[in-house]
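Novice: Quick one, structure for this:
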Amino acid sequence: MRICSVCSETVPKYRCPTCKIKYCSVICYKKHKDGCSPVEETLPAALPEPGGTWCRDGDWTVEDLVDEEDESDKVPLERLKKLGESEELKALLRNAHLRRLLLAVDGAESKADIMKVAMQEPLFVEFADQCLRIAEPME
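Specialist: Here you go, the predicted model:
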């Protein structure tokens, strides 16, 4: 079970929009915000080595990205690792425009609205299709 990154006592319900740490309450957010620093604004030109992360401090894991209650939508870790090993995805992620689109999606308040916009971009659709071919291969 995860605990608040600030007080280390309670299960977190929220994620800081700036640095992405998880916290449990307004009190913890207020304690955290003075020392908060943003996650890197640009991604590297290539994917990290398998097992690596995009995060500046390397303080998150795949499990942090999916709520425990979201079991029905959870992709097995083995398939997620294949995403990081894909040469096709690495090539796509070298495109600065795609990286900006992904950052916009990640940082958006309304994920549904930003996805409607992103899915109008052929490059984003190509990226999404490639991810799905790897994560959910046709039987």
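
Novice: so who does the residue nearest to residue 32 when sequence neighbours are not counted touch?
Specialist: Spatial nearest neighbour of residue 32, excluding adjacent residues (C-beta to C-beta, 6 or more residues apart in numbering): residue 6 at 4.9 Å. Where C-beta positions appear, they are placed from N, C-alpha and C, glycine not excepted. Listed by C-beta atoms under 8 Å, 6 or more residues apart in numbering, the contact partners of residue 6 are 21, 23, 24, 28, 29, 31, 32.

Novice: And the buried ones among those, selectable in ChimeraX?
Specialist: In ChimeraX, a selection of the buried entries from the contacts of residue 6 looks like this (16 or more other C-beta atoms under 10 Å):
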select :21,23,24,28,32
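
Novice: Can you get me the centre-to-centre distance for the lengthiest helix in the chain and its chain?
Specialist: The longest helix of the chain (DSSP state H) is helix 122-135. Centre-to-centre, helix 122-135 and its host chain are 16 Å apart (C-alpha atoms, centre = their mean, to the nearest Å).

Novice: packing partners for that helix?
Specialist: helix 77-85, helix 87-93, helix 96-107 (3 or more C-beta pairs under 8 Å, 6 or more residues apart in numbering; DSSP states H and E).

Novice: Using JSON lines, lay out those together with distance to residue 136.
Specialist: Formatted as JSON lines, these follow (distance: least, C-beta to C-beta, whole Å):
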{"stretch": "helix 77-85", "distance to residue 136": "8"}
{"stretch": "helix 87-93", "distance to residue 136": "14"}
{"stretch": "helix 96-107", "distance to residue 136": "19"}
